[in-house]
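Chemist: Provided below are the primary sequence and the corresponding predicted coordinates.
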Amino acid sequence: MKKLITPIAITAADSNSRTITGRIVTFEETGTASIGKVQFAKGSIEAVPVLLNLEHDRTRRIGKTLSIEANEQGIDATFKIANTTAGTDALVEASEGLRDGFSVEVYFDEYETLKDGTVRITKGEMTGVALTSEPAIRSARVNEVAATTGDEPEISDSTVEPEETPTTEGDEVDNTVTNADTVETVEAAQSVTANAKPTVGGWTSKPRLEFTAAKYLENTIRASLGEESARQYVLAADDTSDNAGLVPTRQLTEVINGLANSTRSSIDAISRGVLPDAGMSFEIPKITVMPTVAETAEAGTPSETDQNSAFVTVTVKKYAGQQTFSVELLDRTSPLFFNELLSNMSAAYAKATDTAVHTALATGATLDSTSLTTYPTATELLGFVSRGAASVYANTNGFARNIIANTSQWANLMTLNDSGRPIYNAQQPSNAGGVVRPDSIRGNVAGLDLFVTANVATANNTDKDNSIMIVNPSAYTWYESPTYRLRADVIASGQIAVSVYGYGAIATKIGAGAFGINKT
């Protein structure tokens with residue numbers, strides 16, 4: 001007895017009671033599996049309760065039979081879908097036509113081969129049904145999906161027959177037919193399979209065949225064209241218990257990336273502006289001499305000082321990155337590749353612009369007159385904040401409101417307290433420690449808003465390490481254009497160039513608007 005897994009399409013999905021209904025088997029209709037054409041004779045399999053799997057993965061059960069009935073045309077069934085994330089996703093995918101096929105799993109021991117090479121099953125036993133993306137038999141599809149909870153009765157696990165393990169000597173096979181479009185976009189898209197061990201015209205022991213990936217691919221193609229010897233090869237090769245080289249290694253759709261994010265803490269710590277629409281530089285008027293007012297004697301001459309102004313010239317910089325790859329890579333790989341590429345290029349753009357701003361702040365920062373250890377104590381930090389606040393106010397006539405720290409200084413800040421009261425609070429309560437967590441990169445340090453950055457520029461001298469700075473946000477402004485994406489197809493070489501770019505400018509409006517640490 002051999003196992004056959006052949007896909008049929010769903011005809012309906014009911015989203016009101018978490019059920020999926022459709023035809024799971026259509027009699028006398030030909031479908032295509034990896035061994036070639038397959039057809040079920042009328043009455044060849046019985047309608048029995050089974051479990052519903054996702055893409056033939058028996059470890060991913062999503063439902064079980066609520067009702068099942070055979071008729072002249074085929075077998076129709078309704079499945080109760082489990083109230084799980086996978087079950088909910090399956091309901092959505094079925095109702096929107098994204099995964100709307102049924103595929104039955106059948107053990108059979110009687111069949112005949114038609115003149116065109118079609119394997120016609122005359123007697124078999126259904127052991128499971130899968131919800132699939134692409135059915136081989138086109139007429140079996142979901143016709144109703146229901147997704148609200150209801151009081152419909154469920155068939156208990158005891159009424160579902162367990163999967164039968166073949167006991168007849170021979171080979172159990174799972175041939176794979178892959179829908180390329182689906183495999184690229186649907187997580188864990190298991191292939192449609194078809195297994196068959198005939199009781200006549202076949203074999204009862206393993207033939208001595210050469211099992212290699214190349215041979216398997218060749219014979220799979222030949223089998224789909226109706227070649228009987230190739231079909232037999234695929235049947236034998238798919239018993240992969242001792243052919244590990246033919247067992248596919250699945251690749252998940254999730255991508256591990258610990259190299260980038262889009263956080264721009266240094267830019268967030270200063271003021272923002274819109275970049276002018278033209279030019280690679282622009283000017284901002286700045287008062288350089290203030291008019292004066294002084295005590296004046298009766299009938300005396302008032303104090304008179306001419307107000308003067310000048311222009312601060314701000315240079316616009318371009319930030320750009322490019323990736324060039326083949327058109328085949330774009331056409332034949334998962335859409336995840338292109339999405340991840342654009343995401344990473346945007347993250348790289350964020351890092352480049354934030355690093356440029358941090359460098360400008362550090363370059364223009366006033367150096368602390370008191371030498372500190374690399375990671376100051378609570379007393380040293382409070383002294384640094386007080387001196388920095390005074391320096392910024394004296395030089396800019398504006399207040400220091402923010403403090404920028406790198407990750408090492410952030411770690412030190414979490415440990416500091418003043419007479420038992422934490423210096424760093426993730427919130428801003430009165431006279432109480434806030435909730436500090438490992439992801440609390442925003443908070444309050446001695447009255448200043450904290451911005452934690454991983455984009456720390458290299459030190460610009462031997463004394464100042466730029467790891468912690470106090471900033472008056474009004475003294476600096478980051479002007480930025482929208483971020484652009486450009487795609488160019490190079491026809492001659494068959495390549496595609498994708499670039500992400502934008503324009504930005506950091507304006508130091510008032511000098512000494514930042515105060516940096518002077519480490520020992």
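Modeler: That came through fine.

Chemist: I'd guess residue 380 is in a helix, am I close?
Modeler: Yes: counting by DSSP: H, G, I helix; E, B strand; the rest coil, residue 380 falls inside a helix.

Chemist: what bits of the stretch 301-450 of the chain have low per-residue confidence?
Modeler: In the predicted model of the stretch 301-450 of the chain, residues 334-335, 426-441 satisfy pLDDT under 70.

Chemist: just the helices in the protein please.
Modeler: With DSSP state H, the ranges of helices along the chain come out as 85-95, 180-185, 213-224, 228-237, 265-268, 327-332, 335-364, 378-396, 407-413.

Chemist: pipe these into a markdown table and attach mean neighbour count per row.
Modeler: Glycine gets a C-beta too; all of them are placed from N, C-alpha and C. What follows is those, written out as a markdown table (neighbours: other CB atoms under 10 Å):
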| stretch | mean neighbour count |
| --- | --- |
| helix 85-95 | 19 |
| helix 180-185 | 14 |
| helix 213-224 | 17 |
| helix 228-237 | 21 |
| helix 265-268 | 23 |
| helix 327-332 | 12 |
| helix 335-364 | 18 |
| helix 378-396 | 18 |
| helix 407-413 | 18 |
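
Chemist: and stretch 258-266, how far out from the chain's middle?
Modeler: Centroid separation between stretch 258-266 and its chain, computed with CA atoms, centre = their mean, to the nearest Å, is 16 Å.

Chemist: what residue spans form the domains of the chain?
Modeler: Structural domains annotated on the chain: 2-200, 317-519, as defined by automatic domain parsing.

Chemist: so who does the closest residue in space to residue 61 that isn't next to it in sequence touch?
Modeler: Spatial nearest neighbour of residue 61, chain neighbours left out: residue 51 (5.4 Å); criterion: CB to CB, 6 or more residues apart in numbering. By CB atoms under 8 Å, 6 or more residues apart in numbering, residue 51 lies in contact with 61, 63-65, 128-129, 160.

Chemist: beta partners of residue 129?
Modeler: Using DSSP bridges, the bridge partners assigned to residue 129 are residue 52, residue 104.

Chemist: surely it meets residue 76?
Modeler: No: if you go by CB atoms under 8 Å, residue 129 and residue 76 don't touch, sitting 11.6 Å apart.

Chemist: anything in contact with each of these two?
Modeler: Both residue 129 and residue 76 are contacted by residue 24, under the criterion CB under 8 Å, 6+ apart.

Chemist: for these two, indicate the residue with more neighbours.
Modeler: Neighbour tally, residue 129 and residue 76, criterion other CB atoms under 10 Å: the higher count belongs to residue 129, 28 against 21.

Chemist: let me know the pLDDT of the more buried one.
Modeler: As predicted, residue 129 sits at a pLDDT of 89.

Chemist: state the distance from the residue sitting furthest away from the middle of the chain to residue 291.
Modeler: Note on the chain: the largest separation between a C-alpha and the mean C-alpha position, by CA atoms, centre = their mean, falls on residue 299 (77.2 Å). To residue 291, residue 299 is 21 Å away according to CB to CB, to the nearest Å.

Chemist: just residue 276 next, same as before
Modeler: 29 Å.

Chemist: so for the two, which sits in the more crowded spot?
Modeler: Neighbours per residue (other CB under 10 Å) separate residue 276 from residue 291, with residue 276 holding more: 15 against 11.

Chemist: pull up the gap between that one and residue 507, please.
Modeler: Residue 276 sits 12 Å away from residue 507, going by CB to CB.

Chemist: same question, residue 338
Modeler: Counting by CB to CB, the gap from residue 338 to residue 507 is 36 Å.

Chemist: next: residue 285.
Modeler: Distance from residue 285 to residue 507, by CB to CB: 12 Å.

Chemist: can you check residue 395 too?
Modeler: Residue 395 is 16 Å from residue 507, by CB to CB.

Chemist: nearest to residue 280, of the helices of the chain?
Modeler: helix 335-364 (15.3 Å; CB to CB).

Chemist: which elements pack onto that closest one?
Modeler: helix 180-185, helix 265-268, strand 317-326, helix 327-332, strand 468-471, strand 476-480, strand 495-508, strand 514-519 (3 or more CB pairs under 8 Å, 6 or more residues apart in numbering; DSSP states H and E).

Chemist: which one of these is the most hemmed in?
Modeler: Of all the helices and strands packed on helix 335-364, strand 468-471 carries the top mean neighbour count, a mean of 28, counting by mean count of other CB atoms under 10 Å.

Chemist: any chance of TSV for the helices and strands packed on helix 335-364, columns distance to residue 364?
Modeler: Below are the helices and strands packed on helix 335-364 laid out as TSV (distance: least, CB to CB, whole Å):
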stretch	distance to residue 364
helix 180-185	49
helix 265-268	13
strand 317-326	16
helix 327-332	44
strand 468-471	10
strand 476-480	8
strand 495-508	5
strand 514-519	6
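
Chemist: quick one, which of these gets closest to residue 345.
Modeler: Taking CB to CB, strand 495-508 is the member of the helices and strands packed on helix 335-364 nearest to residue 345, at 4.1 Å.

Chemist: only alpha carbons, please: show the closest one as CSV.
Modeler: Extracted in CSV, the C-alpha atoms of strand 495-508 (Å, rounded to 0.1, in the frame of the first residue of the first chain):
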residue,chain,number,x,y,z
GLN,A,495,21.8,44.5,-14.2
ILE,A,496,19.7,46.6,-11.9
ALA,A,497,21.1,49.5,-9.8
VAL,A,498,19.1,50.7,-6.8
SER,A,499,20.2,53.7,-4.8
VAL,A,500,18.9,55.4,-1.7
TYR,A,501,19.9,59.0,-1.2
GLY,A,502,18.9,62.3,0.3
TYR,A,503,20.3,65.7,1.2
GLY,A,504,21.0,67.1,4.7
ALA,A,505,22.7,70.0,6.4
ILE,A,506,23.7,70.6,10.0
ALA,A,507,23.7,74.3,11.0
THR,A,508,25.7,75.4,14.0
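
Chemist: distance check, the one residue sitting closest to the centre of the chain against residue 340.
Modeler: Nearest to the centroid of the C-alpha atoms of the chain, with distances taken as CA atoms, centre = their mean, sits residue 254, at 5.8 Å. Using CB to CB, residue 254 is found at 10 Å from residue 340.
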